[in-house]
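>>> turn this into a structure:
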Amino acid sequence: MSLFKRKKPWVTLQYDDEQFIPKDYSEPGEKTGAKLEEQLTGNNDLNRIFAATENMSVGEIRDWLEAHHTEFDSSTYIVNTDDGKALDTLRGHHPRLIINEMPLNRIRHLNTFLNKASEALADDGYLWCHSRTSGLKKEIICRSHPGLSGKVIYRLHYLWHRVCAKLKVTRWFYMWVTQGKNRTYNRVELLGRMYRAGFEVFDERFHKGEFFLLGRKVKDPIWDDEPTCGALVKLNRVGYHGNMIGVYKFRTMYSYSEYLQPYMLEYAGLQDGGKFAHDYRINYWGRLLRKTWLDEFPMLINILKGQMKLVGVRPLSRHYFSLYTPEMQALHTSVKPGLLPPFYYEEASPVTLEDVQASEKRYIEAYHRHPFRTDWRYFWGTVDNILFKHKRSH
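Residues are numbered from 1 along each chain as shown. This next block holds a predicted model:
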């Protein structure tokens, strides 16, 4: 086992008094998410560490690892670094387990770190890491400053660590001031970054004021994309003839949500209409935008560019498209996608993914016979359902 030079342990927030950490804290989806005890890892060190540290705080876990690290297999590496490039030294050793003691919100270039860890690990190797989420920070701040003062402090905290850290016009200043230390990530974003780096989340849990993540490497990391972080997002979707197009929308989900579709399918499942059940990726403002359809307005850009039309099948992500039958994949790409999907035309909303495909099939077959007549009929039927029967995007 190799042990990187240890740095001074960093706290993740100034509000670290245990009395302000909520007992049994959780966030939507965490309790029903991936759990190690429900799966087998095949890694004896990992199983032992999880069993021994189950009731320990971050500091106690660090001390336990320090006391027992010489007992671990040579393929287990404990590091304490915020430099992803430092992990390049591990690539020839093919570690089966990497434990990083440095909180993820202390790492300036987090995507680089996660990608480098993924590249260093052997296939099916594990990365165990931790962070403090924005939701938990909010709880601690409001508990430590009851009343109006706590709300004001949190609003300032949110403005600085979430808004200024994301906007292009202020991000450079934020990074210059903070050097990327003590950043604030929400749980969804951390999960999404793990999947972007090629990991399958094998365990997630909140414990004693910290969020712990265990990822298993299942594929190569993504280096060449542009994760969506702004208010206006451009999402890769399957378009006409199977060509990928960038679909514009107002953001309704937390950053990096687009990478979480496999995780959502496995642990949340689909609800009526073929969308994910209890989709905790949608943020507060996103729910308001979806109820008023405002999130869809930027798709008019795609219509003007000739990539979409007003009425048509939904433009799908690669993952969701892969859930369709081969017959429906061929039919789906035989027409341009549209802003108003066919199931808003029908009185009975589809319940299952099969129902969604059947609804699209009826539309596509009718469209191939009579294009203009079909879109005209579907458009006015959809308008009637939206205005008078209150159908909404969810």
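
>>> report the buried residues of the strand or helix carrying residue 374.
Assigned by DSSP states H and E, residue 374 belongs to helix 371-388. If you call a residue buried by 16 or more other C-beta atoms under 10 Å, then helix 371-388 has these buried ones: 374-375, 378, 381-382, 385. For the C-beta atoms, the positions are set from N, CA and C on the backbone; glycine is no exception.

>>> nearest to residue 256 among those?
Taking C-beta to C-beta as the measure, residue 256 lies nearest residue 382 of the buried residues of helix 371-388, at 31.5 Å.

>>> need the pLDDT of that closest one.
Predicted confidence (pLDDT) for residue 382: 88.

>>> quickly note the distance from it to residue 370.
As judged by C-beta to C-beta, to the nearest Å, residue 382 and residue 370 stand 17 Å apart.

>>> over to residue 20?
Counting by C-beta to C-beta - residue 20 and residue 370 are separated by 65 Å.

>>> and these two? which has more neighbours close in?
Neighbour totals were compared for residue 20 and residue 370, and residue 20 leads with 16 against 11 (other C-beta atoms under 10 Å).

>>> could you list the domains of this protein?
Structural domains annotated on the chain: 18-144+184-217, 232-388, as defined by automatic domain parsing.

>>> any chance of those in JSON lines, plus distance to residue 151?
Shown next, in JSON lines, are these (distance: least, C-beta to C-beta, whole Å):
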{"stretch": "domain 18-144+184-217", "distance to residue 151": "7"}
{"stretch": "domain 232-388", "distance to residue 151": "15"}
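
>>> the helices in the stretch 151-300 of the chain, which residues?
Taking DSSP state H, counting those that start in this stretch as the criterion, the stretch 151-300 of the chain contains helices spanning 168-178, 187-196, 261-267, 284-292, 299-304.

>>> comparing the ones you listed, which comes out most buried?
Of all those, helix 187-196 has the most neighbours on average by mean count of other C-beta atoms under 10 Å, namely a mean of 25.

>>> who are the packing partners of that helix?
helix 110-120, strand 199-207, strand 210-217, helix 261-267 (3 or more C-beta pairs under 8 Å, 6 or more residues apart in numbering; DSSP states H and E).

>>> turn those into CSV, columns for mean pLDDT.
CSV is the format used below for the helices and strands packed on helix 187-196 (pLDDT from 0 to 100):
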stretch, mean pLDDT
helix 110-120, 95
strand 199-207, 93
strand 210-217, 95
helix 261-267, 88
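
>>> got CSV for those, with distance to residue 134 too?
Output for these, formatted as CSV (distance: least, C-beta to C-beta, whole Å):
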stretch, distance to residue 134
helix 110-120, 14
strand 199-207, 13
strand 210-217, 10
helix 261-267, 19
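
>>> how about the CA coordinates for the helix or strand bottoming out on mean pLDDT in the chain, as CSV?
Here the helix or strand of the chain ranked lowest by mean pLDDT, DSSP states H and E is helix 284-292, holding a mean of 84. Only the C-alpha atoms of helix 284-292 are listed here, as CSV (Å, rounded to 0.1, in the frame of the first residue of the first chain):
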residue,chain,number,x,y,z
TYR,A,284,-37.2,24.5,-6.7
TRP,A,285,-37.2,27.0,-9.5
GLY,A,286,-37.3,24.2,-12.0
ARG,A,287,-40.6,22.9,-10.7
LEU,A,288,-42.1,26.4,-11.1
LEU,A,289,-40.7,26.7,-14.7
ARG,A,290,-42.1,23.3,-15.6
LYS,A,291,-45.6,24.1,-14.3
THR,A,292,-45.7,27.1,-16.6
